[in-house]
Structure formats: C-alpha cells, structure tokens
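Enquirer: just to be clear, the model below is a prediction. Sequence and coordinates:
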Amino acid sequence: MSEAAAAAPIGLSWAPKLPSLPATSSSRKDPAPNPSSAQGSIWKPGRELVDGLFVPPMDPRKANKLARKDVKDTTGKGWFDMPAPTITPELKKDLEILQLRDVLDPKRHFKRGGKSKALPKFFQVGTVIAPASEFFSGRLTKEERKTTLVDEVLADQSLKNYSIEAQGKGNSGEP
C-alpha cells in the first residue's frame, strides 16, 4: 500500500472494491479460481456504474445526448436564460384561467393567444406593486387579495353575477 500511495499524485490512491466470489459446492477443490468466471461477476457494461463511478460512453453521439440532458432547461441567452419553472397544481390552474380570460369579462377583447391550447413552458410569476398615486383607485384591499388568481376570480362578485346571467341566457333558449 505504501508503494501505491507513493506512486499516487498528492497522496491519493484508489483501489476497486471487488465482490467476494461465490463459493462453489463442487467436491473437487481447484487450487486457483477460474479467471473467466471471476471476470464475469466483476465486469459491467460501460453504460452502468462501476463501483459507484460513472463511466462515460465512448460513442460521441451518446456523449452529446447525455450533455444535452444535463443542460438546464432555459430560454437562452436572448431571454436572459429564464428557467422553466416547476408547474404546481395551483400554478396550472392560474395559467388555465389566463388562457380563458376572454370569457371572464364581456367588455374586454383580448388578442388570441394562439392555436395551441398547451400551457407555456417558460414563464415567470411576480407581484404587482401599485404606486402611491393609485392608493385609493386601483388597489385591492386586504379582504380582496387572495393567494392565487383562481381564488380572486371566484371571490369577485361582479364576475359571479355575469356568469349567472350568461348561463341564464344560454339556458332560456332551450325548450
């Protein structure tokens, strides 16, 4: 061991941990075990872990594929490497409400968001801080503030009244 420690740079040395060979129940005793059977129990393919260490693939295509998987999902340099957030159930409901915002207010018309009904992959959620000039006119009171956008929409009385009217008009035409 001292020779291996002397040969290793900076005093580091590593030796693989070999598994114990299974005992054979044969009646004849061999003086030395068969090296091919010992190698069969120790050798593993290159894509697997060997003694807890990752052996990278020799094929450059597979190495590039692994490198692409390791890169974090971002929008790129043009959008300041904005990461893709993890979508929670609350966040998913908020995004669906934003996609259906044209249904909520009959007086406002929104530009069509696109043909895709899939949720966006990259987005950010923030808090709007109202200026001091809008203290009385455009802010929500503490009672009106909710944790999610869905809760705010459900608590808004004017939206409730509109939805009741819209459902009443839709059902009045039926026989």
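Expert: Looks like it came in fine.
Enquirer: count of neighbours near Thr88?
Expert: For Thr88, the neighbour count with other Cβ atoms under 10 Å is 10. Glycine gets a C-beta too; all of them are placed from N, C-alpha and C.
Enquirer: before we move on, what about Asp105?
Expert: For Asp105, the neighbour count with other Cβ under 10 Å is 12.
Enquirer: residues contacting it?
Expert: The neighbours of Asp105, taking Cβ atoms under 8 Å, 6 or more residues apart in numbering as the test, are 159, 162.
Enquirer: what sits up against the strand or helix carrying Ala166?
Expert: With secondary structure defined by DSSP states H and E, Ala166 is part of helix 157-172. Helix 157-172 is touched from outside by 104-106, 153-154, with contacts defined as Cβ under 8 Å, 6+ apart.
Enquirer: sort out which residues of that helix are buried, please.
Expert: Tyr162 (16 or more other Cβ atoms under 10 Å).
Enquirer: output that helix as CSV - backbone C-alpha positions only.
Expert: Taking Å, rounded to 0.1, in the frame of the first residue of the first chain, the C-alpha atoms of helix 157-172 are listed here in CSV:
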residue,chain,number,x,y,z
GLN,A,157,-68.9,39.3,-7.1
SER,A,158,-69.2,41.1,-10.5
LEU,A,159,-67.8,38.0,-12.3
LYS,A,160,-70.3,35.8,-10.4
ASN,A,161,-73.2,37.9,-11.5
TYR,A,162,-72.0,37.9,-15.1
SER,A,163,-71.6,34.2,-15.2
ILE,A,164,-75.1,33.7,-13.7
GLU,A,165,-76.6,36.0,-16.4
ALA,A,166,-74.7,34.3,-19.2
GLN,A,167,-75.8,30.9,-18.1
GLY,A,168,-79.4,32.1,-17.7
LYS,A,169,-79.4,33.5,-21.3
GLY,A,170,-77.9,30.3,-22.7
ASN,A,171,-80.4,28.1,-21.0
SER,A,172,-83.5,30.2,-21.8
